[in-house]
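Novice: Need coordinates for the following:
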Amino acid sequence: MRGAHDPAVMFDNTRSDTMQHDLREFLSRFVGTVVITLAPVVLVAFVSMPLALGHHPGEAPPHAGVAFVHMT
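Specialist: Numbering: from 1, shown residues only. Sure, this is the predicted structure:
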């Protein structure tokens, strides 16, 4: 009978590969889901902020002489 430390048992691909394959498949689907979910959120945030402000957040407004008006 083979022990747990026997090299033939340690490198038996029928048992260890399935768990690694399942974990890799789960993680790839999970990361794919997270990326697909966050992509529209990031796109909307980075497109709507400059449109609402009229300029990019780090830049000075093009019409600096006008008094500040709140967005709401």
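Novice: name the element His70 belongs to?
Specialist: Under DSSP states H and E, no helix or strand contains His70.
Novice: How about Ala52?
Specialist: helix 13-53.
Novice: average pLDDT for that helix?
Specialist: Mean per-residue pLDDT for helix 13-53: 86.
Novice: Then stretch 58-67?
Specialist: Mean per-residue pLDDT for stretch 58-67: 68.
Novice: and Leu53, how far is that from Phe46?
Specialist: Leu53 is 12 Å from Phe46, where distance means CB to CB, to the nearest Å. Every residue, glycine included, has its C-beta placed from N, CA and C.
Novice: For His55, grab the count of nearby residues.
Specialist: By other CB atoms under 10 Å, 13 other residues sit near His55.
Novice: so the spatially closest residue to it that is not a sequence neighbour, which of the three states?
Specialist: Nearest residue to His55, sequence neighbours excluded (CB to CB, 6 or more residues apart in numbering): Pro61, at 5.3 Å. Per DSSP: H, G, I helix; E, B strand; the rest coil, the local secondary structure of Pro61 is coil.
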